[in-house]
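A.B. asks: Next one to model:
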Amino acid sequence: MTENRTLWLQTAILSAVKAGKAILEVYESADMGVEHKADNSPLTLADRRAHSIIKADISGFGIPVLSEEGRDIHFAERKQWPRMWIVDPLDGTKEFIKRNGEFTVNIALAEGGAPTMGVIYVPVSDTLYFADRQLGAFKIDACQQHGIGERLPGGTGGVEWVMNHAVRIPLKREKDRPFTIMGSRSHATPDLEAYVEAMRKKHGRVAFISSGSSLKICLVAEDRADIYPRLGPTMEWDTAAGQAIAVASGAQVIRHDDGSALTYNKENLLNPWFIVKRTQSERA
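C.D. replies: Model (predicted):
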């Protein structure tokens, strides 16, 4: 792993944790500062604070940043970017407002239309997922107890230190676990219901787990679930970090219509329907 990539990953990890702390301050306050965007989706003070922190941290590398705030950057400019950060400072804003803990901070690096590095931090559980195409995928719990905060333990070898204290994913599959499908807690659709019913007919014993944000992708990456069909709209910043982690764990993130890989920095930043699945768990 090159010195640059190590520094990029280290910065993304620290920035995600720092943003997560700022989010928790708002989460635990009486006023979340909720506003509504033009499409009536919610935006909170936590979104804005986390975005400011992350943008300040990663802007020093000369790599452009794509996020919802920068969605109006013209494609003529974006298509010239060989690599870019893709950021969702608070994925799962609806879950944040409900105070159910199922929200994340997502930071990805995409190169040539594919996410190659990803960091997902879960503020409420203090859990960190991170991956790089050259390293694999990892999970570490209790980040603050490990001293992951303003800096990484281990000095210049901070990323290696975190890897040594993390577990590599996927985890060992639970014995006799039923075929397990992930689904959105706040975006259930008739298409998803039909899909789950078809899987029940095909596999018999099927478990369905509802969850918010990119946690659904993380559970497939861990092999705690077999498949996550997203049969509804998402944007590139919703999925880039999760895709980097899932692919590095040996899972696939593919279009629902033709089975090709989900790609990034498209002219239209809306994702097509997609499926996240363990390679051995197509079964669909």
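A.B. asks: Can you tell me the element the residue nearest to T6 when sequence neighbours are not counted falls in?
C.D. replies: The spatial neighbour of T6 that comes closest, neighbours along the chain excluded (Cβ to Cβ, 6 or more residues apart in numbering), is V159 at 5.3 Å. To be clear about C-beta, it is placed using only N, CA and C from the backbone, and glycine gets the same treatment. Assessed by DSSP states H and E, V159 sits inside helix 158-165.
A.B. asks: Show me what that helix is packed against.
C.D. replies: Counting contacts by 3 or more Cβ pairs under 8 Å, 6 or more residues apart in numbering; DSSP states H and E, the secondary-structure elements packed against helix 158-165 are helix 3-27, strand 136-140.
A.B. asks: Just send those back as JSON lines, with distance to Y228 and mean pLDDT too.
C.D. replies: As requested, the helices and strands packed on helix 158-165 are arranged in JSON lines below (distance: least, Cβ to Cβ, whole Å; pLDDT from 0 to 100):
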{"stretch": "helix 3-27", "distance to Y228": "21", "mean pLDDT": "95"}
{"stretch": "strand 136-140", "distance to Y228": "16", "mean pLDDT": "98"}
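A.B. asks: Show the model's pLDDT score for the residue nearest to T6.
C.D. replies: According to the predicted model, the pLDDT of V159 comes to 90.
A.B. asks: Wait, Y228 touches C218, no?
C.D. replies: No - using Cβ atoms under 8 Å as the test, Y228 is too far from C218 to be in contact (9.7 Å).
A.B. asks: and the direction of the helix holding V159 versus that of strand 136-140, what angle?
C.D. replies: Here the directions of helix 158-165 and strand 136-140 differ by 70 degrees (axes from the mean of the first three to the mean of the last three Cα atoms, to 10 degrees).
A.B. asks: what's helix 158-165 in contact with?
C.D. replies: Where contact means Cβ atoms under 8 Å, 6 or more residues apart in numbering, the residues beyond helix 158-165 that reach it are 1, 6, 9-10, 13, 128, 130, 135, 138, 140, 146, 148, 151-154.
A.B. asks: same thing but at 10 Å, please
C.D. replies: 1, 5-10, 13-14, 128, 130, 132, 135-136, 138, 140-143, 146-148, 151-155, 157 (Cβ atoms under 10 Å, 6 or more residues apart in numbering).
A.B. asks: Pull the residues that contact the helix or strand following it.
C.D. replies: With elements assigned by DSSP H and E, the helix or strand that comes after helix 158-165 is strand 167-169. Contacts of strand 167-169 from elsewhere in the structure, counted by Cβ under 10 Å, 6+ apart, are 129, 131, 135-141, 218, 221-224, 245-246, 248-251.
A.B. asks: Report the buried residues of strand 167-169.
C.D. replies: If you call a residue buried by 16 or more other Cβ atoms under 10 Å, then strand 167-169 has these buried ones: I169.
A.B. asks: and what of stretch 32-52?
C.D. replies: Neighbour counts using 16+ other Cβ under 10 Å place 32, 44-51 of stretch 32-52 among the buried residues.
A.B. asks: Over to stretch 198-208?
C.D. replies: Residues of stretch 198-208 classed as buried under the neighbour-count rule (16+ other Cβ under 10 Å) are 199, 206, 208.
A.B. asks: Quick one: those as TSV, columns for distance to I169 too.
C.D. replies: Formatted as TSV, the buried residues of stretch 198-208 follow (distance: Cβ to Cβ, whole Å):
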residue	distance to I169
M199	23
V206	23
F208	22
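A.B. asks: List just the nearest of the residues you listed to M182.
C.D. replies: Proximity of the buried residues of stretch 198-208 to M182, judged by Cβ to Cβ, is greatest for F208, which lies at 8.0 Å.
A.B. asks: Using the three-state scheme, assign the residue most central in space within the chain.
C.D. replies: Closest residue to the average C-alpha location of the chain: G242 at 3.4 Å, with Cα atoms, centre = their mean. Reducing the assignment at G242 to three states with DSSP: H, G, I helix; E, B strand; the rest coil gives helix.
A.B. asks: Ok, D72 next?
C.D. replies: Put simply, D72 is coil when judged by three-state DSSP.
A.B. asks: Tell me, how many residues neighbour it?
C.D. replies: Summarising burial for D72: neighbours were counted as other Cβ atoms under 10 Å, giving 6.
A.B. asks: hmm, which of the contacts of helix 158-165 are the buried ones?
C.D. replies: 5-6, 8-10, 13-14, 128, 130, 132, 135, 138, 140, 143, 146, 148, 152, 154.
A.B. asks: Thank you kindly, that will do.
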